[in-house]
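Q: Curious how this folds, go ahead:
(one chain, ligands or ions: 1)
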Amino acid sequence: MMTVDPVRWGGAAAAVAAYAGMCLALLRARRAVHKDSGGEHADWLVAYASQTGTGEALAQHTVATLRTGGLSARALSVEHLDQASLRGAARILFIASTYGEGDAPDSAARLARLLDDPGMDLGRLHYGVLALGDSTYANYCGFGRRLDAALQARGAQALFARVEVDRGRSAAIEAWQHHLSHLAGTSDAPDWSAPAYGDWRIASRRLLNPGSAGAPVYRIDLLPAAGPLPAWEAGDLVQVSAPGDPAYPREYSIASTMAEGCLSLLVRLHQREDGSVGLASGWLCREAREGAPVLLRVRQHSRFRIGDNAGRPLILIGNGTGIAGLRAHLQRRAEAGQARNWLVFGERQAAHDHFCAADIAAWQRAGMLDALSVVFSRDGGSERYVQHALAARAAELQAWVAEGAAIYVCGSLRGMAGAVHATLEAVLGLDTVAMLDEAGRYRRDVY
Ligand SMILES: Cc1cc2nc3c(=O)[nH]c(=O)nc-3n(C[C@H](O)[C@H](O)[C@H](O)COP(=O)(O)O)c2cc1C
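A: Numbers count the residues shown, from 1 in each chain. Purely as a prediction, here's the structure:
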């Protein structure tokens, strides 16, 4: 399927990044939109189904462009789109990415269910679809295409043909902008260009898994070349522009908090069968010396931030370098004195692959980890993978969820995320998992 570095192919999925990262300036505005997304009326709704934020950023630009033409418009994540607002809407522009193997993003579960309802009559609705995808996947723009077909089947009328964006290619974005200018009756589109990369340097780099049967994983600590750290929150990502492939940024979860004073990444060296290494990971992990300059920008990942879950118990589940995003959350919780945390982490061998063992021990000593399940797939025993650890503690899992816990999953989509999902459904029940998802209490950063 993919042929290049599999590092966080999410956003890494390429030049999408150009759009993904493009609107740091809009981040504050985004939060305001989330807050008032419930009641505010607007003639145009820009409904985004986004996993890692590219679609959300494009939704903000879309709203800004419509408003430039004097139209009233607002952006809304499709997870907040209910039956009444869908039926009652006259104009919706959908921005829909595709995940997994042609699947909808997590936030679109409710929308998919609403559109499945044969009784849903959308005869009033005029709509447009901007489908985001990556043509190296078999099911290119799968969700955007299904969404378009379902809207048509329910009687909605397309304002123009679906626009498909392959890895952020600018021609398709321009086609979408052209439609917007037409709708808004203006050619004054606001600036959609990406923010510049910042100049950073590698402060230190350490191999985390000497002797591992898997590929080497490095912890890379970065500092701005000059000036203070930019703001980020646990859950956010960075985009790194590697010198050999500047048009194709790679994304990594941030593993540290701002209070720790540097931005840390956990990067696995991508090794191909012929012994060659991935271009970006090879450069970050091997070629670049400590002190070397790195072009980097921080990207808000609102779906994986703590947000409204800050006061809840937290179950953090992940494998491999997925512990990066979980580490940032746990460190932040420890800084905030919130101890009701349960980490479920899996790797290969305890002797070589126990990433963040010192941090975990420190959180335990400080009383910041109420529960801990660490499993190693190659060490024998009945619990080999994180899903086994969860199934073995089914009663505890149910009790935490009953107590209001939120579940954050970070790591590999293949294998881990699907198996964890199936185990959650088996232990908690389909309805509870759907409820957690709709309530924003089940969040995933999987790649
Ligand atoms: C794990 C993963 C799976 C993906 N699967 C597909 C796919 O099946 N079809 C496709 O067209 N794009 C696929 N993509 C590409 C995304 O749809 C694309 O990067 C999109 O721009 C992401 O937008 P978002 O940040 O708004 O979620 C996948 C990306 C990731 C990370």
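Q: longest single strand anywhere in the protein?
A: strand 198-207 (DSSP state E).
Q: Neighbouring strands - and their directions - for that strand?
A: Sheet pairing of strand 198-207 (DSSP bridges) gives strand 217-224 (antiparallel), strand 293-299 (antiparallel).
Q: quick one, what contacts residue 85?
A: By CB atoms under 8 Å, 6 or more residues apart in numbering, residue 85 lies in contact with residue 45. C-betas here are computed from N, CA, C, even on glycine.
Q: Tell me the bridge partners for the residue nearest to residue 292 when sequence neighbours are not counted.
A: Among residues not flanking residue 292 along the chain, residue 202 sits closest, at 5.2 Å (CB to CB, 6 or more residues apart in numbering). With DSSP bridges applied, residue 202 shows beta-bridge pairing to residue 222.
Q: Kindly report the same for residue 253.
A: Residues in beta-bridge contact with residue 253 (DSSP bridges): residue 237.
Q: Just the pLDDT for it.
A: pLDDT for residue 253: 96.
Q: wait, isn't it in contact with residue 324?
A: Yes: Residue 253 lies in contact with residue 324 (CB atoms under 8 Å); the separation is 4.2 Å.
Q: centre of the chain versus stretch 300-316, how much separation?
A: Taking CA atoms, centre = their mean, to the nearest Å, one finds the center of stretch 300-316 at 12 Å from the center of the full chain.
Q: Not counting its neighbours along the chain, what's nearest residue 109?
A: residue 437 (5.5 Å).
Q: Find the nearest non-adjacent residue to residue 186, please.
A: residue 69 (3.9 Å).
Q: Now the phi/psi pair for that neighbour, please.
A: Backbone torsions of residue 69, given as degrees, to the nearest 10, read phi -90, psi 10.
Q: For it, give its distance to residue 63.
A: Using CB to CB, to the nearest Å, residue 69 is found at 11 Å from residue 63.
Q: who's more crowded, these two?
A: Higher neighbour count among residue 69 and residue 63: residue 63, with 26 against 17, using other CB atoms under 10 Å.
Q: Spit out the contact partners of that one.
A: 33, 44, 46, 73, 74, 75.
Q: how much space between the closest residue to the second one other than its chain neighbours and residue 136?
A: Just to be clear, that refers to residue 44. Once flanking residues are discounted, residue 44 sits nearest to residue 73: 3.9 Å by CB to CB, 6+ apart. Distance, residue 73 to residue 136, using CB to CB: 33 Å.
Q: Between these two, which is the more surrounded one?
A: The neighbour comparison of residue 73 against residue 136 (other CB under 10 Å) goes to residue 73, with 23 against 15.
Q: Check the more buried one and give its pLDDT.
A: pLDDT, residue 73: 96.
Q: Then residue 77?
A: At residue 77, pLDDT is 95.
Q: what's around it, how many residues?
A: 23.
Q: Look up phi and psi at it.
A: Per-residue torsions, residue 77: phi -70, psi 140 (degrees, to the nearest 10).
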